[in-house]
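# just to be clear, the model below is a prediction. Sequence and coordinates:
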Amino acid sequence: MKGNPALAATQEPAWIRRLIIGISVGFVGLFVLVPLLAVFGEALRNGLAAYAHALVDPAALAAIKLTFFTAAISVPLNLVFGVAASWAIARFRFPGRSVLITLIDLPLAVSPVIAGMVFVLLFGKHGLVGPWLAGHGVQVIFALPGIVLATTFVTFPFVARELIPLMEAQGHEEEEAAIVLGASGWQTFVKVTLPKIKWGLMYGVVLCTARAMGEFGAVSVVSGHIRGRTNTLPLHVEILYNEYEYQAAFAVASLLVVLALASLIARRLIARRVETT
């Protein structure tokens, strides 16, 4: 065989490469691009005025506000938990470490609907602690606290899952050197650990934010679908679609698409920055 045998062994005929690329592009076009174009096409079917009217409707504005407010609470909570859990898992060996790792992955294995039902069983009117909370004037289910709890639960693996392998791969020699030189634990974290994990942390926050804004299953169970009060953007889209207001439903859905695309762009920019550092 002429040429480099190792190189030849990793090369495929041109027709196979073109076939694989064509299948990949066709799959993405059919299952990603076509639905996206359909969303925007239906959203703008009646013109820009109808599109804008659907977005400034009071119920839509309330859903937008609730979606961002929920994300603004759940994402920082997951940020704190993700950093703390990653630090503990990557830096220490302790009883229950494997259990903690398993629990972090639990929301990825459990259906969001099941997670919502669990919160109803715990905090609902006939739940374990629901009657006691109601007696003290605290409402969790069918209110903002339930939505935040459900969103936080389904999104808390994202930050931790990005940081754990990163921190394990980086090791802890630099932190140990800083402590030996007299730095406190907080100074070590801020000056040494945080700069090393900042891009992975931002990557996890972007994923967590995208999932928080798009969560449907768990929030649907605990929200009660109260229009203008407990409906997030995905739930508002469902209500509009069930009421045969298709253009308005797709208009609001297009906003979710824009948020998702912005998250993907941010994710790609962060990944590129990580590759160049």
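Arrived safely.
# skip the chain neighbours and tell me the closest residue to the most centrally placed residue in the chain.
Nearest to the mean C-alpha position of the chain, by Cα atoms, centre = their mean, lies Arg211 at 2.5 Å. Distances taken as Cβ to Cβ, 6 or more residues apart in numbering place Thr155 nearest to Arg211, at 4.8 Å, with adjacent residues excluded. Quick note: C-beta positions are derived from backbone N, CA and C, even for glycine.
# pretty sure that neighbour contacts Ile104?
No - using Cβ atoms under 8 Å, Thr155 is not in contact with Ile104, being 11.7 Å away.
# who's more crowded, the two?
The neighbour count for Thr155 versus Ile104, taken as other Cβ atoms under 10 Å, is higher for Thr155 (25 against 21).
# how near is the more buried one to Pro76?
11 Å (Cβ to Cβ, to the nearest Å).
# cool, Ala248 as well?
Taking Cβ to Cβ, one finds Ala248 at 32 Å from Pro76.
# where does the prediction get shaky in the stretch 151-277 of the chain?
Within the stretch 151-277 of the chain, the segments meeting pLDDT under 70 span 275, 277.
# go again using 90 as the cut-off
Counting by pLDDT under 90, the ranges of the stretch 151-277 of the chain that qualify are 156, 168-196, 198-200, 203, 224-228, 260-261, 263-277.
# on that earlier part again, more neighbours: which of Ala248 and Pro76?
Ala248 (25 against 13).
# which strands or helices does the one helix or strand Leu261 maps to pack on?
Using DSSP states H and E, Leu261 maps to helix 246-276. Counting contacts by 3 or more Cβ pairs under 8 Å, 6 or more residues apart in numbering; DSSP states H and E, helix 246-276 packs against helix 34-43, helix 48-56, helix 58-91, helix 194-214, helix 233-242.
# out of these, which is closest to Gln139?
Of all the helices and strands packed on helix 246-276, it is helix 58-91 that lies closest to Gln139, at 15.4 Å by Cβ to Cβ.
# got the angle for the closest one vs helix 48-56?
Between helix 58-91 and helix 48-56, the angle comes out at 60 degrees (axes from the mean of the first three to the mean of the last three Cα atoms, to 10 degrees).
# domain parsing for this structure?
Listed by automatic domain parsing, the domain ranges of the chain are 1-43, 47-276.
# tell me which of those sits most buried.
domain 47-276 (a mean of 17; mean count of other Cβ atoms under 10 Å).
# distance between it and the chain's centre?
5 Å (Cα atoms, centre = their mean, to the nearest Å).
# pull up the distance across it, start to finish.
Terminal residues of domain 47-276 lie 44 Å apart, using Cα to Cα, to the nearest Å.
# same check on stretch 91-102?
17 Å.
# now the helices and strands packed on helix 246-276 as CSV including distance to Thr151?
Shown next, in CSV, are the helices and strands packed on helix 246-276 (distance: least, Cβ to Cβ, whole Å):
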stretch, distance to Thr151
helix 34-43, 23
helix 48-56, 22
helix 58-91, 4
helix 194-214, 5
helix 233-242, 11
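# for Leu133, which of those helices is the nearest?
Once those are compared by Cβ to Cβ, helix 58-91 is nearest, at 18.5 Å.
# can you check what angle separates that closest one from helix 194-214?
Going by the same axes, to 10 degrees, helix 58-91 makes 140 degrees with helix 194-214.
# and the next helix or strand after helix 58-91, average pLDDT?
Downstream of helix 58-91, the first helix or strand assigned by DSSP H and E is helix 97-109. Mean per-residue pLDDT for helix 97-109: 90.
# who are the contact partners of the residue nearest to Arg211?
Contacts for Thr155 were tallied using Cβ atoms under 8 Å, 6 or more residues apart in numbering; they are 74-75, 78, 107, 208, 211-212, 215.
# if we go to 6 Å?
74, 78, 208, 211-212 (Cβ atoms under 6 Å, 6 or more residues apart in numbering).
# quick check: it vs Leu166, distance?
19 Å.
# try Ile104
From Ile104 to Leu166 the distance is 14 Å (Cβ to Cβ).
# so what touches stretch 107-124?
127-128, 130, 140-141, 149-150, 153-154, 157, 217-218, 221-222.
# just these now: which is nearest Ala49?
Taking the contacts of stretch 107-124 together and measuring to Ala49 by Cβ to Cβ, the closest member is Gly217, at 33.7 Å.
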